[in-house]
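Undergrad: below: sequence and its predicted model.
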Amino acid sequence: MRTPKEEREIHAGGYIYGENGVKNERMTVYTSDYSYMAKLDKFVDENPEEWRVEAVSKSGDDITSKMYSCPVSCLSFRKKTTAKRALSEEEKEALRERLAKVRDAN
């Protein structure tokens, strides 16, 4: 049985230092969201030396969740994106002309 939409989740994390006091270079990503599973499966296919499937949970024949591991450097935090600037038609035309001049010069 597939996981209901309202119960799907994504968790990413790991410990900075392992039990032996050595810094961890890898983290885990757990997801029960099918769109993220598809995205992360592509990462595994394209970069098998960095991304790995560590565990797969099933209910009958249906996959309900997966756990992946990857380098900590894959984790990225970004600030909120800024709103796009609204251009008038005159500004758009002036921009088109400037870009055309640059293309012609190259």
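TA: Perfect, I can see it now. Numbers count the residues shown, from 1 in each chain.
Undergrad: can you give me the buried ones in the top strand by length along the chain?
TA: Ranked by number of residues, the top strand in the chain under DSSP state E is strand 62-71. Neighbour-count burial for strand 62-71, counted by 16 or more other Cβ atoms under 10 Å, picks out 64-70. Yep, even glycine has a C-beta here, placed from its N, CA and C like the rest.
Undergrad: between the residues you listed, which is nearest Glu89?
TA: For the buried residues of strand 62-71, the minimum distance to Glu89 (Cβ to Cβ) is 45.8 Å, reached by Cys70.
Undergrad: and that closest one, how far is that from Asp45?
TA: Using Cβ to Cβ, to the nearest Å, one gets 13 Å for the distance from Cys70 to Asp45.
Undergrad: swap in Ser32?
TA: Per Cβ to Cβ, Ser32 is found 20 Å from Asp45.
Undergrad: check Lys79 too.
TA: Taking Cβ to Cβ, one finds Lys79 at 31 Å from Asp45.
Undergrad: and those two? Which one has more around it.
TA: When neighbours are counted by other Cβ atoms under 10 Å, Lys79 and Asp45 differ, and Asp45 comes out ahead with 9 against 5.
Undergrad: so who does the more buried one touch?
TA: Contacts for Asp45 were tallied using Cβ atoms under 8 Å, 6 or more residues apart in numbering; there are none.
Undergrad: so what's the residue count around Val29?
TA: By the other Cβ under 10 Å criterion, the neighbourhood of Val29 contains 21 residues.
Undergrad: that one belongs to a strand?
TA: Yes - judged by DSSP: H, G, I helix; E, B strand; the rest coil, Val29 forms part of a strand.
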